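1. Just to be clear, the model below is a prediction. Sequence and coordinates:
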2 protein chains.
Amino acid sequence: MNQSNRQVALVRNPTGKFSSQDFELRDAPIPSPKEGEFLVRNLYLSLDPAMRIWAAPMDGYAPPVQPGEVMRGFTVSKVVESKHPDFVAGDIVNGMDGWQDYAVSNGVNYNSQGLVDTWNMRGIQDAELPLSTGISVLGTTGLTGYYGVLHLGKPEKGDTILVSGAAGAVGSIAGQVAKLHGCRVVGMAGSDEKCRMLIDEFGYDAAINYKTEDLMEAIGRTCPNGVNIYFDNVGGDILNTALANIAYGARVIICGAISQYTHLEQGAKGPGNYGNLLFQRASMYGFIVLDHYVDLRAKMEADLIDWLKAGKLHYREEVVDGLENAGEAVNRLYDGTNMGKLLVKIADA
Amino acid sequence: MNQSNRQVALVRNPTGKFSSQDFELRDAPIPSPKEGEFLVRNLYLSLDPAMRIWAAPMDGYAPPVQPGEVMRGFTVSKVVESKHPDFVAGDIVNGMDGWQDYAVSNGVNYNSQGLVDTWNMRGIQDAELPLSTGISVLGTTGLTGYYGVLHLGKPEKGDTILVSGAAGAVGSIAGQVAKLHGCRVVGMAGSDEKCRMLIDEFGYDAAINYKTEDLMEAIGRTCPNGVNIYFDNVGGDILNTALANIAYGARVIICGAISQYTHLEQGAKGPGNYGNLLFQRASMYGFIVLDHYVDLRAKMEADLIDWLKAGKLHYREEVVDGLENAGEAVNRLYDGTNMGKLLVKIADA
């Protein structure tokens, strides 16, 4: 065991994208668990678009990280010592243990019910899947794609689903889950390479490079009967153009708005075409999958594992080595230069 | 019977509000019904915000009225002659028979199922309610308030509902229906007189004059636990400010966007705070009550009649006399100078 606990703290609220000066790498003592707690060694750290919201002085779905605090993040970790009835040393778990080597937890991360939601990854280990999947396809991003498509999108055979940020950690799973449920799947991404990946690797029926194509024309051409389900990760003009193309009774799933996160202080751009919800008798849903972990995580994980093992579901991870590189790497999400799920390897299991 | 049929035709697409030059009053022959049709004498014409959309060269929920065509409108009418199995001479009906003295109909107005939906007002006559109620509290506007609140808002006892355009034909019914189902009801309107009407006549718990008050502060003060149901008739800044104040799990009902209708050509202003749907796990619904007439109109009308007869539901009508005055009167909707349901009396029964 290391003798100290490296931590990356947020030291100021960012302006625009993250800057190296927003973070500080520091050493702290390794904490000791009290009764009802356990100590973990973090192995992988998930980098997520929402981090820019957490780092801003605003309430999002979670309270803001205060300057001076360890930066928040989802993790895959190994339990080192436990005084908690649900965990024993050696367990591999998914929690929210932050940008650091070690953390003490009571098992309650951010969920709206305040229940223990640190997740024992036994199912993932039994399936002999890589531990990193606990924060990628089988973690919050994969589960977000699953929940949004199946529980809010309610896909019916023959529906057309349009996904923005389609090559990303959430979008790539959302599109494949919809495809497995009989949808025609169209994805939008920001490079020809990503578009090829959508077709060749994730089985999308069509792909749109939103940076080089006329989006209105391209959506009209690839979704000739309109968009039954729109799964939005990006917001801004892409959301607005998608709304212009929804079909009667469409379901619009607001999963994120990454195009807006680096200028939160100026307010987001609102979708002027929201009135099409009325004309098309459509609905728009905001959600946070964490709310549904207590009820649904086991079922969602089991389904995803089945599809992975059957070769019906594919995922892509981009692994950055070293906690000290997290602060620079996270900006790839806002640049759109990452491919698939972006995560940091902190230590070997 | 008159020997000619006065009609108000749309002769050009309006710019901004309606102008007298957008309409033409003309005489036409009284039409004769063929097999499966009936002839009506229009008695009352409903003036509705959506008319500005119908008159624009764009598809809304109905195809646009083409220049040269009789302007579309909901009506209360008396059947003069019938070759339709469902109607006999003397029946009082609610249909969509337009800005004219007489019309021939096959009973199919605008509904998405293409079924006969001209409504026989026998229930309203049996309840000895004024015929004008067939296009006010018991017509599309009243039913819109009922459906939106009960079927989409799904009010629970103790919920706070915020209504924009609260003194209007839809808003005044929406607020009262919510109140009857145990909600705290807060309304926004554009004058102190309307705000007094909300409290004194429609039983609202609080009223906000959006023209003179700081809206963000006023919503925060009157809805201290957040807005569980937001019923929007106006769009624009009011929608955006309401979205900033929604509670966890809120239902946002998009009924209309009257603030945007007189500059449709420039596109609507989108609500930048739509991201709060995600943070608050909220949903937003567009709807057109006409879709639900075949299934639900009888039940909705019966409930509203019960509440009217029991003195639990109040309505306000503003009646303009004479078809020739409709074109000028309709602008009161966009000025906000009408009180309650705006309608035109065309003829005595």
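-> Arrived safely, thanks for sending. Numbering: from 1, shown residues only, chains lettered A, B, ... in the order given.
2. what's the helix or strand for the residue in the stretch 101-250 of chain A that chain B sits nearest to?
-> In the stretch 101-250 of chain A, no residue comes nearer to chain B than residue A:240, which is 6.7 Å away by CB to the nearest CB. C-betas here are computed from N, CA, C, even on glycine. According to DSSP states H and E, residue A:240 maps onto helix A:236-243.
3. which helices and strands sit right next to that helix?
-> Packing partners of helix A:236-243 (3 or more CB pairs under 8 Å, 6 or more residues apart in numbering or on different chains; DSSP states H and E): helix A:215-222, strand A:227-232.
4. So the residue of the stretch 101-250 of chain A closest to chain B sits against residue A:272, correct?
-> Yes: with contacts counted by CB atoms under 8 Å, residue A:240 reaches residue A:272, the gap being 6.0 Å.
5. shared neighbours, the two?
-> residue B:270 (CB atoms under 8 Å, 6 or more residues apart in numbering or on different chains).
6. Report how many residues lie close to residue A:88.
-> 12 (other CB atoms under 10 Å in any protein chain shown).
7. what sits against the closest residue to it other than its chain neighbours?
-> Closest residue in space to residue A:88, ignoring its immediate chain neighbours: residue A:82 at 5.5 Å, by CB to CB, 6 or more residues apart in numbering or on different chains. Neighbouring residues of residue A:82 by CB under 8 Å, 6+ apart: A:33, A:38, A:39, A:88, A:89, A:91.
8. Doesn't residue A:263 lie inside a helix?
-> Yes: counting by DSSP: H, G, I helix; E, B strand; the rest coil, residue A:263 is found in a helix.
9. Over to whichever residue of chain A sits closest to chain B: give its phi and psi.
-> At 3.0 Å from chain B, residue A:270 is the closest residue in chain A, using CB to the nearest CB. Backbone torsions for residue A:270, taken as degrees, to the nearest 10, come to phi -80, psi 150.
10. How far away from the center of its chain is the longest helix seen in chain A?
-> In chain A, assigned by DSSP state H, the helix with the most residues is helix A:293-309. Remark: helix A:293-309 is offset 16 Å from the chain centroid, using CA atoms, centre = their mean, to the nearest Å.
11. Can you name every helix or strand that the next helix-or-strand element following it contacts?
-> Downstream of helix A:293-309, the first helix or strand assigned by DSSP H and E is strand A:317-321. Judged by 3+ CB pairs under 8 Å, 6+ apart, strand A:317-321 is in contact with strand A:341-345.
12. returning to that earlier point: any residue of the longest helix of chain A touching chain B?
-> No: using CB under 8 Å from any CB of the partner chain, helix A:293-309 stays clear of chain B, with a minimum separation of 13.6 Å.
13. so who does the most centrally placed residue in chain A touch?
-> Of all residues in chain A, the one closest to the mean position by CA atoms, centre = their mean is residue A:141, 3.1 Å from it. Contact partners of residue A:141, counting by CB under 8 Å, 6+ apart, are A:46, A:48, A:135, A:168, A:169, A:170, A:173, A:341.
14. Just those: which are in strands?
-> Counting by DSSP state E, the contacts of residue A:141 place A:46, A:341 in strands.
15. top of the contacts of residue A:141 by neighbour count?
-> residue A:169 leads the contacts of residue A:141 on contacts (other CB under 10 Å) with 33 neighbours.
16. Make sure that one is actually in contact with residue A:333.
-> No: the pair residue A:169 / residue A:333 is not scored as a contact, 9.1 Å apart, by CB under 8 Å.
17. list residues touching both of the two?
-> In contact with both residue A:169 and residue A:333: A:48, A:342, using CB under 8 Å, 6+ apart.
18. Just the endpoints, please. Distance across stretch A:159-175?
-> Distance between the two ends of stretch A:159-175: 12 Å, counting by CA to CA, to the nearest Å.
19. Say whether chain B is contacted by it.
-> No: with CB under 8 Å from any CB as the criterion, chain B is not reached by stretch A:159-175; the gap is at least 12.6 Å.
20. and chain A, what are its domains?
-> Structural domains assigned to chain A are A:5-136+A:316-345, A:141-289, following automatic domain parsing.
21. Give the PyMOL command for selecting the buried subset of the contacts of residue A:82.
-> To isolate the buried subset of the contacts of residue A:82 in PyMOL, counting by 16 or more other CB atoms under 10 Å in any protein chain shown, use the following:
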select buried, chain A and resi 33+38+39+91
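22. Quick check: what element follows the helix or strand harbouring residue A:81 along the chain?
-> Using DSSP H and E, residue A:81 maps to strand A:75-82. Using DSSP H and E, the helix or strand that directly follows strand A:75-82 along the chain is strand A:92-95.
23. still on that earlier bit, who's in contact with the longest helix of chain A?
-> A:111, A:113, A:115, A:117, A:119, A:123-124, A:127, A:129, A:133, A:137-138, A:142-143, A:146-147, A:173, A:176, A:180, A:313, A:315.
24. need the residues of chain A near chain B, please.
-> Within chain A, the residues that sit near chain B (CB under 8 Å from any CB) are A:59-61, A:112, A:235, A:240, A:248, A:254-257, A:260, A:267-288, A:291.
25. if we go to 6 Å?
-> Selection of chain A residues close to chain B by CB under 6 Å from any CB of the partner chain yields A:60-61, A:254, A:257, A:267-268, A:270-272, A:274-275, A:277-279, A:281-287.
26. ok, residue A:266 - how many residues close by?
-> 9.
27. mind giving me CSV with the domains of chain A and columns for mean pLDDT?
-> Converted to CSV, the domains of chain A look like this (pLDDT from 0 to 100):
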stretch, mean pLDDT
domain A:5-136+A:316-345, 95
domain A:141-289, 96
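28. Quick check: which of those domains is buried the most?
-> Highest mean neighbour count of these: domain A:141-289, a mean of 22 (counted as mean count of other CB atoms under 10 Å in any protein chain shown).
29. Quick one: end-to-end length of that one, please.
-> 9 Å.
30. Measure how far it is from the centre of its chain, please.
-> That offset, for domain A:141-289, works out to 15 Å (CA atoms, centre = their mean).
31. any idea which helix or strand comes after the helix holding residue A:240?
-> strand A:246-254.
32. Show residues contacting the helix or strand following that next one.
-> For strand A:246-254, the following helix or strand on the C-terminal side (DSSP H and E) is helix A:276-279. Residues outside helix A:276-279 that contact it (CB atoms under 6 Å, 6 or more residues apart in numbering or on different chains) are A:243, A:246, B:60, B:61, B:254, B:286.
33. who's in contact with the closest residue to the first one other than its chain neighbours?
-> By that I understand residue A:243. Closest residue to residue A:243 apart from its sequence neighbours, by CB to CB, 6+ apart: residue A:273 at 3.9 Å. Contact analysis of residue A:273 by CB under 6 Å, 6+ apart lists A:240, A:243, A:244.
34. Same question for residue A:257.
-> A:235, B:275.
35. and if we set it to 8 Å?
-> Contacts of residue A:257 by CB under 8 Å, 6+ apart are A:232, A:233, A:234, A:235, A:236, A:239, A:268, B:275, B:278.
36. which among those gets closest to residue A:95?
-> Using CB to CB, residue B:278 is the member of these that lies nearest residue A:95, at 22.4 Å.
37. how far away is the closest one from residue A:252?
-> 12 Å (CB to CB, to the nearest Å).
38. go on, residue A:53?
-> Taking CB to CB, one finds residue A:53 at 20 Å from residue A:252.
39. Quick one, grab the pLDDT at residue A:306.
-> On pLDDT, residue A:306 comes in at 98.
40. What is the burial count for it?
-> Neighbour tally, residue A:306, other CB under 10 Å: 12.
41. And the one 3 residues further on, by the same measure?
-> Taking other CB under 10 Å as the criterion, the count of residues near residue A:309 is 12.
42. and what of the one 3 residues further on?
-> By the other CB under 10 Å criterion, the neighbourhood of residue A:312 contains 13 residues.
43. Excluding chain neighbours, what is closest to it?
-> residue A:180 (6.1 Å).
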